[in-house]
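[1] Build me a model:
(4 chains)
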Protein chains: 2
Amino acid sequence: MVDAKSGDDSLLFLTDENLRRGIEAMFFAYRGFTSDPDRILQGLDYGRAHHRAVHFIHRAPGTTVGNLLDILGVTKQSLNRVLRSLFDDGLVEARVGRKDRRERHLYLTEKGAALERSLSDAQRARMRSAYRAAGPVAVAGFRTVLEAMMDAEQRRQYQAQYHGAKDGAP
Amino acid sequence: MVDAKSGDDSLLFLTDENLRRGIEAMFFAYRGFTSDPDRILQGLDYGRAHHRAVHFIHRAPGTTVGNLLDILGVTKQSLNRVLRSLFDDGLVEARVGRKDRRERHLYLTEKGAALERSLSDAQRARMRSAYRAAGPVAVAGFRTVLEAMMDAEQRRQYQAQYHGAKDGAP
DNA sequence: AATTTATGTCAGCCTTGTTGACATTCCAAG
DNA sequence: CTTGGAATGTCAACAAGGCTGACATAAATT
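    Purely as a prediction, here's the structure:
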């Protein structure tokens, strides 16, 4: 079911105007998307970078530092600053790898898991409300377009569900 | 047409797992979304903040500084730093308001328009490719979910198409 | 005439990214 | 067994781009 006015296969959704609207939608939506966690984090000594680290450690417990570097796409120096403060505050702990003892496997402590929960509860609440308002068909489309917007490498990581936890604890 | 396995109205798309996937999709997709302009801007003296300013000035020529502050959601000090460099480099010009001469109305110069074009061409190309791959139905869903994810005020601005250019030139 | 609004600007701070250099540990290949 | 390279940590320095606070100016509004 396409646009009746269109003789072709209705590529009207590809006009520059529509693309611009999509670009701006991404801009505004991303602001909303990050605003709740940002609000929680301000006042604490943490920022968005800590949120990301905590999220992906929760997501793939036992993931290595190198793995996290790949996922987050930052330098190790930048990540290290974040991880150090999370170690110091007892939110994350690193266990030396059993097979490869150079690797550090990262786990949330109880305290870290509590912060993760408070952040992701807020973010999930917004996402859930948006999903519910939009309905399952729209949600499927949402995910399809977002995946098509990723770089190949990002898409691979997204779809792979991060097989990052190769090793257990020592 | 919902999930046949579900006795309820199929709220299976609202599971925490699905919400998490959506959250991560936003994270990775936004990285892709900004990567092309970022690549162009690095090397030049500009960053993402300049891109945003240039985008919205192009979008609503004659918009005022205050208007831009509302849209971008930053402080005037932060925006001013960006605008000053754009003035100095001759990418943006400010004209004193005709009705209210306190206001500065912002316009892209030829040079500014050229930069805007190069940035938005890159970003549109990615968006077009994603749209084309996903198809019109998915795109509609994409936009619906993104709008539902915005704060009310952001949504208002998004839907209003920025009636920002209240005044002409002096 | 007094107040408010729109804008600009200075100074200083924070977070989070960057590069470069270097040390440590330790697996794996020769 | 030795050594090369991989994984990690750390120090220093820097930049972009947010922020707050304070103050200045011009113009509109009351």
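[2] how deep is the residue of chain A found nearest DNA strand C tucked in, by neighbour count?
    At 1.5 Å from DNA strand C, residue A:47 is the closest residue in chain A, using Cβ to the nearest atom of the strand. In this view, the C-beta of every residue, glycine as well, is placed from N, C-alpha and C. As a burial measure, residue A:47 scores 14 neighbours (other Cβ atoms under 10 Å in any protein chain shown).
[3] so it touches residue A:37, yeah?
    No - shown here, residue A:47 and residue A:37 do not form a contact pair, counting by Cβ atoms under 8 Å, at 9.8 Å.
[4] element containing the nearest residue to residue A:75 once chain neighbours are set aside, please.
    Sequence neighbours aside, residue A:69 is the residue nearest to residue A:75 in space, at 7.7 Å (criterion: Cβ to Cβ, 6 or more residues apart in numbering or on different chains). Per DSSP states H and E, residue A:69 falls inside helix A:65-72.
[5] Following the chain onward from that helix, which element is next?
    Downstream of helix A:65-72, the next assigned helix or strand under DSSP H and E is helix A:76-88.
[6] got the angle for that following helix vs helix A:65-72?
    Relative orientation of helix A:76-88 versus helix A:65-72 (axes from the mean of the first three to the mean of the last three Cα atoms, to 10 degrees): 110 degrees.
[7] is helix A:76-88 anywhere near chain B?
    No - if you take Cβ under 8 Å from any Cβ of the partner chain as the test, helix A:76-88 misses chain B, and the best it gets is 15.0 Å.
[8] now what about that helix, what contacts it?
    The contact list for helix A:76-88, computed with Cβ atoms under 8 Å, 6 or more residues apart in numbering or on different chains, reads A:45-46, A:49-50, A:53-54, A:65, A:68-69, A:72, A:92-94, A:106, A:112.
[9] Tell me which other helices or strands the helix or strand following it touches.
    Helices and strands here follow DSSP H and E; after helix A:76-88, the next one along the chain is strand A:92-96. Contact here means 3 or more Cβ pairs under 8 Å, 6 or more residues apart in numbering or on different chains; DSSP states H and E; on that basis strand A:92-96 packs against helix A:48-59, helix A:76-88, strand A:104-108.
[10] burial of residue A:88, as a residue count?
    Residue A:88 is surrounded by 10 other residues when neighbours are defined as other Cβ under 10 Å.
[11] what's the pLDDT at it?
    Looking at residue A:88, its pLDDT stands at 91.
[12] residue in chain A nearest to DNA strand D?
    Ranking the residues of chain A by distance to DNA strand D (Cβ to the nearest atom of the strand) places residue A:66 first, at 2.5 Å.
[13] List the residues that contact the nearest residue to that residue once chain neighbours are set aside.
    Across the structure, with Cβ to Cβ, 6+ apart as the measure, the residue nearest residue A:66 apart from its sequence neighbours is residue A:103 (7.4 Å). Residue A:103 sits next to A:64, A:65, A:66, A:96, A:97, A:167 when contact means Cβ under 8 Å, 6+ apart.
[14] quick one: which of those residues is most hemmed in?
    Across the contacts of residue A:103, the neighbour count under other Cβ under 10 Å reaches its highest value at residue A:64, namely 21 neighbours.
[15] show me where pLDDT drops low in chain A?
    Across chain A, residues meeting the criterion (pLDDT under 70) sit at A:1-9, A:161-170.
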